[in-house]
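Undergrad: Got a predicted structure here, sequence first:
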Amino acid sequence: NCENMGGESFTEEQEALVVKSWNLMKKNAGEWGLKFFIKIFEIAPSAQKLFSFLKDSNVPLEQNPKLKPHAKSVFVMTCEAAVQLRKAGKVVIRDSSLKKIGAVHFKYGVVDEHFEVTKYALLETIKEAVGEMWSAEMKNAWSVAYDQLVAAIKTEMRP
Ligand code: HEM
């Protein structure tokens, strides 16, 4: 199908699964964000070195005030990507912020493997957070939204 480049389109139901689960988590966004990034660093300890504020800090990871906001950005932007995918069939991020985000991740040396580990940890964290509500469909909806968001970021990952 030429209209959606052969891919399945993102449905209202998929959007609802993402929005519903994020709404449940966002009251405790800080805590889930912390769990999310601790999972990432357990799998890929070297990823910690990418973050300037972790590298140059003596406070323990859990107490670093800058870790939670980045974790929350990943959640919020993935949820927004789901909404955009349903509405527009693609991820729409304001050009200037997409360029900035792409450039920052390029500059700090984020590579494919980091995005993969992060995807795994994101899904595991949501699974833990939503409990009984978790389903294969919910996992798939978050996966598609995350993959599309990362694809958009990667188009701007250059100096
Ligand atoms: C910075 C979002 C994935 C590492 C940022 C910023 C945003 C963001 C909004 C701030 C950019 C600015 O300064 O204006 C996201 C989103 C992601 C993602 C939406 C996935 C969908 C990752 C991954 C890693 C990573 C997988 C590495 C494991 C970093 C680092 C910075 C950064 C190192 C710079 C932090 C610093 O100032 O030291 N990210 N990010 N990000 N991100 Fe991500």
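TA: Looks like it came in fine.

Undergrad: What lies in contact with stretch 119-128?
TA: Applying C-beta atoms under 8 Å, 6 or more residues apart in numbering, the external contacts of stretch 119-128 come out as 21, 25, 32, 35-37, 39-40, 43, 74-75, 78, 134, 138-139, 142-143, 146-147, 150. Glycine gets a C-beta too; all of them are placed from N, C-alpha and C.

Undergrad: Kindly report the same for stretch 52-69.
TA: Surrounding stretch 52-69, the residues in contact under the criterion C-beta under 8 Å, 6+ apart are 29-30, 33-34, 37-38, 41, 48-49, 51, 108.

Undergrad: how about the residues of the protein near the ligand?
TA: By C-beta under 6 Å from any ligand atom, the residues of the chain that approach the ligand are 47, 50-53, 70, 73-74, 77-78, 100-101, 104-105, 108, 110, 114-115, 118, 149-150.

Undergrad: which SSE is residue 101 in?
TA: When elements are defined using DSSP states H and E, residue 101 is found to belong to helix 95-107.

Undergrad: Show me what counts as buried in that helix.
TA: Residues of helix 95-107 classed as buried: 98, 101-102, 105-106 (neighbour count, 16 or more other C-beta atoms under 10 Å).

Undergrad: can you map out the helices along the protein?
TA: Along the chain, the segments classed as helices by DSSP state H run 12-25, 29-43, 52-55, 67-88, 95-107, 112-130, 136-155.

Undergrad: Please convert the ones you listed to TSV, extending it with mean pLDDT.
TA: Formatted as TSV, the helices of the chain follow (pLDDT from 0 to 100):
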stretch	mean pLDDT
helix 12-25	97
helix 29-43	96
helix 52-55	87
helix 67-88	96
helix 95-107	94
helix 112-130	98
helix 136-155	97
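
Undergrad: Distance from the chain centre to stretch 80-94, please.
TA: A distance of 14 Å separates the C-alpha centroid of stretch 80-94 from that of its chain, computed with C-alpha atoms, centre = their mean, to the nearest Å.
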